[in-house]
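In: Quick one, structure for this:
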Amino acid sequence: MGIDQRNSLFIELFWPHVALICAFAVGAGVFGFFTNLIYRCCGCRKKRKWTWIGLTGLCSSRIPVCLRAFLWYAVVFGAVPALLFTTHEYSAIWGYFSLRMDKMTFFMFLYYLYRVVAYTFANYPYNRPAKKHRKSVMEQIGVLVPCHKSADEIADTLKSILKNHIPPGNIVVADNANTDEPPDDTRERVKDVDSKIKYIFVQQGLKTRAFWEAIQFLPPKVKYIIHIDDDTIFLEGFHFDLRPFEEDPDLSGVSWGIAMFPRSTVERLVDFEFKQFSQWRYWRGISSTTWFCHGIIGLWRRDRFELMLEQHPFLPFGEDNWIGSMNMMAGYHLGCDLRNIVYTFAPPDLTDWFQCCGGAFKREQGYGAANVWKQRAKRWFVNAPRRIIWRLYFFFFYSTENLIGDIIYRFELSIHLLGIFVTLAAPFIVVKACMDGQVIPMLYFKAYYCLINLLLSCYLNYWLWGHRKDLQVSFVTILLFPFYKIFLHLCAVYGHWRCLFYYIPWFPFRTGLFTIDRETGAEYGVLKGEVLVEDTQDVEDVINARLRESSLYKGTHSRSRSGSGALTGGTSGYLRIPISDHQIISSNRRGPSKGRFHVVPEGK
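Out: Numbering: from 1, shown residues only. Below is the predicted model:
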C-alpha cells in the first residue's frame with residue numbers, strides 16, 4: 001500500500017506538466033531531426049541566405065512607428081483581454097496562477113539535478129596556455145573593437161590583443177557616439193599603442209552599426225573575426241584554434257569564457273554569475289549548440305558574421321542574441337572553448353540608489369549602464385519576449401544534425417520559454433498568493449530556492465573548480481549569490497514587462513536601413529551622421545579591394561578622390577565617407593535586394 005501511495009504521488013507530481021515538457025521536447029526533436037535529414041537528402045536545404053528574421057524585419061521596418069504602436073496596444077492590451085472576458089475564460093486562466101508548492105518544488109529539484117549533471121560533464125579544463133601562435137593563423141584573424149568614451153581602457157585592451165600576436169593592421173577600433181567629433185582622446189590612445197591599428201569614428205552611438213562600419217576596413221586576407229568590448233582583456237597564451245572551423249563547415253563561431261575583475265562585492269557576484277554562464281554555454285555547445293556568442297567576446301567566420309549583420313534588426317540592445325538567433329535560423333551552429341577566458345569590467349553597483357555593496361569605480365557599461373539594474377532591467381532583459389515567436393520556430397524546425405542534440409536543445413528551449421512566461425506571470429502569481437493566503441508557502445519556496453542555489457554554488461566552487469584556483473570565489477560571494485539571483489529575477493520581471501509596454505511597440509526592427517538600403521535609412525532619420533577615418537589610412541585601397549571582391553560590380557568601378565562620390569574632407573585629421581561609398585563597400589552581398597544598391601557613376 002505504501003509503495004502504491006508513493007507511486008501515485010510521483011505520478012501526480014510528474015503529470016501533466018513535466019510529462020508534457022518531456023513529450024513535446026522528444027517529439028519536436030525527432031521531427032526537427034528527420035525534417036532536416038529529408039532536406040539534406042533531397043538537396044533542397046539552402047544556406048547562406050537571408051533568414052525569416054531578416055525578411056520580416058525588412059518588411060516591418062517600413063511601417064510607421066505610431067501605427068505600429070497603435071496596432072500593438074490595440075491587439076495585445078485591447079482585443080486579447082476583451083476576448084478573455086467575453087468568453088469568460090479569465091477565471092480559468094486566473095486559476096493557473098495558484099501556487100502548487102509540491103509540483104513547483106519537484107520541478108525545481110529536477111531542473112537543478114539536470115544542471116548538476118550538465119555542469120559535471122561540461123567542466124572547465126585545466127589552465128594550459130598556448131605556447132606559441134602560428135603566424136599564418138594569426139594573419140587570418142581580425143579584431144573589431146567597438147568603443148564609446150574608452151580613453152581610459154582602450155590601451156590595455158589593445159595591448160592584450162597585440163601580446164597574442166594578432167597583427168596590428170588586422171585591428172579596427174570603431175569609436176561611436178551621437179556627436180560630430182569623438183567625445184574623448186580615444187584616437188590618440190589607440191595610436192600611442194600602435195600606429196598601424198585602424199581607427200574610425202561613427203557619428204552615431206550604436207554598437208551594431210560600429211560593427212558593420214568597422215568590418216569593411218578589415219584586410220581581405222582576414223577570414224575570421226574576433227569582436228571584443230573596449231574594456232575586455234585577453235590573457236597571454238590564448239588558444240586561437242581554427243581546426244573546428246575546418247572540420248565543421250556548419251560551425252559559424254566559437255564563444256569563450258568570461259570573468260570579471262572582482263574588486264567590489266557586486267562585481268564579485270557578477271563574476272561568479274558569468275563563470276557559471278560560460279560553463280553553461282559550453283554545455284550547450286557540446287550537447288547541442290551554443291545559442292549565441294556574448295557581445296563581450298566571440299570568434300566568427302567573417303562571411304557568416306557579415307551575413308548576420310547585413311540582416312540584423314539594429315535594435316539598441318541585445319545585438320549578440322539576435323546574431324545567434326539568425327545564425328541558427330540559417331541552419332548553422334556555434335561552439336564554445338573554455339580553454340580561453342577574458343576578463344572585463346562589471347557595473348560596481350546594484351542600483352543607482354543602493355550603492356553600499358558597490359565600489360568607487362564608475363566605468364559606465366554600454367552607453368551609461370553604471371549599475372546592474374539599468375544593465376539588466378532596462379537593456380538585456382527587454383529582448384527575450386520579443387524572440388518568443390522565433391524560439392517557437394526553432395522548437396519545431398531547428399536541427400543540430402544530431403538526434404540526441406536536437407532533443408536536448410528542445411529541453412533547453414522549453415525551460416527557456418517556460419521561464420519567460422513565469423517571469424511575465426510573476427506579478428499575478430504574487431497577487432494570487434496574497435488573495436489565497438499562500439504568502440508563507442511562497443516564502444518557504446524562495447527559501448528552498450536559495451538553499452538549492454547555495455548547494456549548487458558550493459558544488460561548483462569547491463568540487464568542480466577545485467583544479468582551477470583562478471576561478472574559485474569566496475564563501476561570502478557564495479552566500480550572497482542566491483539573493484543576487486533573486487534581484488536578477490526582479491530585473492527580469494521589470495524588463496519583460498517593459499518589453500511589452502514600451503520596447504516592442506516603439507522600437508521597430510531597422511533591418512537593411514544601415515546595410516543594403518542606407519539612403520532610405522538616412523531619409524527616415526534612422527541612419528545618422530557619417531564615418532570619419534584618418535588621413536593616414538589608405539581608404540581607397542579598402543574600397544577598391546571590396547569592389548574587386550564584388551560579383552555585382554566587379555571590374556566596373558574604381559574610386560578616386562577626384563570623383564563626385566569621393567571621400568570628402570571633414571573634421572581636422574579625418575576623411576568623411578559618403579553614403580554611396582559605403583554602399584559600394586558593402587556591395588558583396590547575398591541579400592534579397594542587392595540589385596537596389598545606388599552607385600554614383602564617375603562624372604555624374
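
In: Give the helix, strand or coil label for residue 142.
Out: Taken by DSSP: H, G, I helix; E, B strand; the rest coil, the conformation at residue 142 corresponds to strand.

In: My read is that residue 98 contacts residue 432, right?
Out: Yes. Using C-beta atoms under 8 Å as the test, residue 98 is close enough to residue 432 to be in contact (5.8 Å). C-beta here means a position set from N, CA and C on the backbone, and glycine is covered the same way.

In: any residues in contact with both of these two?
Out: With contacts taken as C-beta atoms under 8 Å, 6 or more residues apart in numbering, residue 98 and residue 432 have residue 438 as neighbours in common.

In: what about the stretch 351-500 of the chain, any weak spots by pLDDT?
Out: Applying pLDDT under 70 to the stretch 351-500 of the chain picks out residues 354-369.

In: pLDDT (mean, whole number) over stretch 281-295?
Out: Model confidence over stretch 281-295, given as mean pLDDT, is 96.

In: any residues touching it, and which ones?
Out: The contact list for stretch 281-295 (C-beta under 8 Å, 6+ apart) reads 118-119, 121-122, 207, 227, 229, 253-255, 257-258, 277, 299-300, 319-321, 323-325, 327-328, 333-336, 338, 400, 402, 404-406, 408-409, 412.

In: and it, how far apart are its ends?
Out: This stretch, stretch 281-295, spans 13 Å end to end (C-alpha to C-alpha, to the nearest Å).

In: And it, what's buried?
Out: Of all the residues in stretch 281-295, those buried under the rule 16 or more other C-beta atoms under 10 Å are 281-285, 287-295.

In: Can I get the residues you listed in a markdown table including secondary structure and distance to residue 511?
Out: As requested, the buried residues of stretch 281-295 are arranged in a markdown table below (DSSP: H, G, I helix; E, B strand; the rest coil; distance: C-beta to C-beta, whole Å):
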| residue | secondary structure | distance to residue 511 |
| --- | --- | --- |
| 281 | helix | 27 |
| 282 | helix | 31 |
| 283 | helix | 32 |
| 284 | helix | 27 |
| 285 | helix | 28 |
| 287 | helix | 31 |
| 288 | coil | 27 |
| 289 | coil | 24 |
| 290 | strand | 24 |
| 291 | coil | 21 |
| 292 | coil | 18 |
| 293 | coil | 20 |
| 294 | coil | 22 |
| 295 | coil | 19 |
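
In: Tell me which two of those residues sit farthest apart.
Out: With distance counted by C-beta to C-beta, no two of the buried residues of stretch 281-295 lie farther apart than 287 and 295, which are 23.0 Å apart.

In: Isn't residue 229 up against residue 320?
Out: No. The pair residue 229 and residue 320 fails to qualify as a contact (C-beta under 8 Å) at a distance of 10.6 Å.

In: Show me what the longest helix anywhere in the chain is packed up against.
Out: For the chain, the helix reaching the highest residue count under DSSP state H is reported as helix 403-435. Helices and strands touching helix 403-435, by 3 or more C-beta pairs under 8 Å, 6 or more residues apart in numbering; DSSP states H and E, are helix 17-42, helix 265-287, helix 388-397, helix 439-458, helix 475-498.

In: ok, 10 Å please
Out: Counting contacts by 3 or more C-beta pairs under 10 Å, 6 or more residues apart in numbering; DSSP states H and E, helix 403-435 is packed against helix 17-42, helix 90-95, helix 101-121, helix 265-287, helix 388-397, helix 439-458, helix 475-498.
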